[in-house]
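[1] Kindly generate the corresponding structure for this input.
(2 chains)
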Amino acid sequence: MKYIFFLLVSFILIQNTYAKNPVESPTFDDILKEIIKDEKYIFDDMNIKIKVPLFADNPIQVPIFVDAKAIKNAKKLIIFTDLNPIPKVIDMDLLNLLPIVSLNIKVAQETPIRALVLDDKGVWHIGSNNIKSFGGGCSVSSVASSDTDFGKLLGKTKGNIFKTDGVYRLKTSIFHPMETGLVFGNSEFYINRITIKADNQILAKIDAYSSISENPRFIFETLVESKDYKIEFFDIDGNKFNMDIK
Amino acid sequence: MKSLIFFFCLISYGFSNDFDYKLKPIKLAENSYYFYGKEEYFSKENGGDIANSSFIITNNSVILIDTGSSKLYGEQVKKQIEKITDKPIKYILNTHHHPDHFLGNSAFSNSDIYASEFTKNEIETNGDLYIVNLVNIIHEAMNKTKVKAPNQILTTKDLNFDGYKLKVLYFDGHTQSDIAIYDENTKILYASDLVFYKRTLATPHANLDKWIKSLKELEKINYSILVPGHGISFTTKEPIKENIAYLEFLQNTLKNSAKEGLDIYEILNKPIPKEFESFTMFSEEFERSVINLYPSYEKDLK
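    Residues are numbered from 1 along each chain as shown, chains lettered A, B, ... in the order given. All right, here's what the predicted structure looks like:
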């Protein structure tokens, strides 16, 4: 009897820790369903760390850092914000990348942010945090597109590689306005696809969205060693920008 | 019933009154005072009273250095000064273009307001933006605050206000134009935001190299009292050395982190030297500085 009681209590406890959404919001369920349909998920702030500023003073450049390396053999990493007009930030098919990413995003207002990580058993782990800001970041046109040298700079890339304990960190940035199309008179213009290769082996296929800040910068990590990492950026106008990081 | 009436009286009293900054001038020397601003970030509770402002009473007039974050603050500064002297506030100096130092200008209709050309231009272009931001944070205390740009441009090293002489020192680093005022009569140095005392340095428009250089110049001045922009006034050289040490620490941290390829949050996770961690507002200001400044250090890589 005691044993059953203990089992019941522990079962309820486990249920509660996993079932509870740590940051409530009205849109979360709908957005989640759109992305993962009816697949299994758990809230897992233990294994997914999302770093955000104490307060995001600049709503058009909010640095975020997601680290889910605690989840082994992660297959996918998706980031979205609950209350942005463009919720999705990035959708990474990890293949040979580690579940870690750093980038800057825009926020329209204070919003919860989520990182979804698909493990090798087909379960989605959801990490949450909240970005505090007065917002306004999605309804401003990019600074880049008002630059007169815009044409010359478009697609200009920079990259670096850092190796620590067998992990290769790729740091990259590209000059691009990442226009949302939400500002009257400005049409959408952003990088929507990124492919990362080591020599000719594909490390990751990534979908990107215009909620990423202009002149995007990224940190990616891989265990695959290479003398020539290649990153290809594609934007919605069909431009392709290639870079090599050696 | 009685208590209900009392309650309503209290409520209406609360609504009918403007925000009270509870300002008290602190005496530095005969005829020289400053108002100490709280070592906090802008908030509804402090009404934006987060920076120091100072005044000097001369034979014929009053000279005011910086005017705080709001019109109300400016008005209450005026009231406090009127309690001490009946001389008019004829001269105002804006040391730089940050909103906690000039938005009180609109409370002074008959004063000449002096600033460097850069500061004046920044106030004219970005003043309204600052107000919008602050209304979001401070609310009521910002009521009626409008941009009032300086009407006099500072160019000379010497000022003569009705016979009262002051030295103007032109620096940069905290912003692109920071002036310090040195009063040789009292040997008081009004350094404004070039110097912070036991309060973490704010860097939104900073150039660390230039700031360190400016501090080294300030250190050479033989002042008896230094009034910083934030934190209490002091008499020794130690605080300036401490400021330099902090800026050098910040700069080295950013440079080394860029070399190692660190992320912003990995920098923030690093251990902090004890002497700086005890500064007020450390975690907020340090994080802000790293977020603002790190991209320019990352750029130096290929």
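[2] Give the lowest-confidence helix or strand of chain B, using mean pLDDT as the measure.
    Within chain B, confidence by mean pLDDT, DSSP states H and E is lowest for helix B:2-16 among all helices and strands, at a mean of 59.
[3] Name the residues of the next helix or strand after that helix that come out as buried.
    Later in the chain than helix B:2-16, the nearest helix or strand by DSSP states H and E is strand B:26-29. Of the residues in strand B:26-29, residue B:28 count as buried by neighbour count, 16 or more other Cβ atoms under 10 Å in any protein chain shown. (C-beta placed from N, C-alpha, C; glycine too.)
[4] Strand B:26-29 pairs with which strands, parallel or anti?
    strand B:32-35 (antiparallel) (DSSP bridges).
[5] Please identify the helix or strand for the residue of chain A found nearest chain B.
    Ranked by Cβ to the nearest Cβ, the top residue of chain A for proximity to chain B is residue A:162, at 3.3 Å. Secondary structure from DSSP H and E places residue A:162 in strand A:157-164.
[6] go on, residue B:74?
    Secondary structure (DSSP H and E) places residue B:74 in helix B:71-84.
[7] packing partners for that helix?
    Here helix B:71-84 touches strand B:32-35, strand B:53-57, strand B:62-65, going by 3 or more Cβ pairs under 8 Å, 6 or more residues apart in numbering or on different chains; DSSP states H and E.
[8] Mind doing that once more with 10 Å?
    If contacts are counted by 3 or more Cβ pairs under 10 Å, 6 or more residues apart in numbering or on different chains; DSSP states H and E, helix B:71-84 sits against strand B:32-35, strand B:53-57, strand B:62-65, strand B:89-93.
[9] Send me it as CSV with only the CA atoms.
    C-alpha atoms of helix B:71-84 as CSV (Å, rounded to 0.1, in the frame of the first residue of the first chain):
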residue,chain,number,x,y,z
LYS,B,71,10.9,69.6,-15.9
LEU,B,72,9.6,68.8,-12.4
TYR,B,73,13.1,68.1,-11.2
GLY,B,74,14.2,71.4,-12.6
GLU,B,75,11.4,73.3,-10.9
GLN,B,76,12.1,71.7,-7.6
VAL,B,77,15.8,72.5,-7.9
LYS,B,78,14.8,76.1,-8.5
LYS,B,79,12.6,76.0,-5.4
GLN,B,80,15.4,74.7,-3.2
ILE,B,81,17.8,77.3,-4.5
GLU,B,82,15.3,80.1,-3.9
LYS,B,83,15.2,78.9,-0.2
ILE,B,84,18.9,79.8,0.1
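[10] could you give me the average pLDDT of stretch B:227-237?
    In this model, stretch B:227-237 carries a mean pLDDT of 98.
[11] and what of stretch A:25-36?
    Mean pLDDT, stretch A:25-36: 95.
[12] Only the buried residues of it, if you could.
    A:25, A:28, A:31-32, A:35-36.
[13] okay, now residue 61: neighbour count?
    The chain I'm using is chain A. 20 (other Cβ atoms under 10 Å in any protein chain shown).
[14] switch to chain B, that's the one I care about
    Neighbours of residue B:61 under the rule other Cβ under 10 Å: 19.
[15] need the contact list for it.
    B:85, B:87-91, B:111, B:161-164 (Cβ atoms under 10 Å, 6 or more residues apart in numbering or on different chains).
[16] Counting neighbours, what do you get for residue 213?
    Picked chain A for this. Residue A:213, neighbours per other Cβ under 10 Å, totals 21.
[17] Actually, chain B is the one I wanted.
    For residue B:213, using other Cβ under 10 Å, the count is 14.
[18] so which strand or helix has it?
    Short version, using DSSP H and E: residue B:213 is in helix B:208-219.
[19] Tell me the buried residues in that helix?
    Applying 16+ other Cβ under 10 Å to helix B:208-219 flags B:208, B:210-212, B:214-215, B:218-219 as buried.
[20] can you redo the residues you listed as CSV with pLDDT and distance to chain A?
    Output for the buried residues of helix B:208-219, formatted as CSV (pLDDT from 0 to 100; distance: Cβ to the nearest Cβ, whole Å):
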residue, pLDDT, distance to chain A
B:208, 97, 19
B:210, 98, 22
B:211, 98, 20
B:212, 98, 24
B:214, 98, 24
B:215, 98, 25
B:218, 98, 28
B:219, 97, 31
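[21] Which pair of those spans the longest distance?
    B:208 and B:219 (16.4 Å; Cβ to Cβ).
[22] Where does the stretch 51-200 of chain B get nearest to chain A, which residue?
    Closest contact between the stretch 51-200 of chain B and chain A, by Cβ to the nearest Cβ, is at residue B:136 (5.2 Å).
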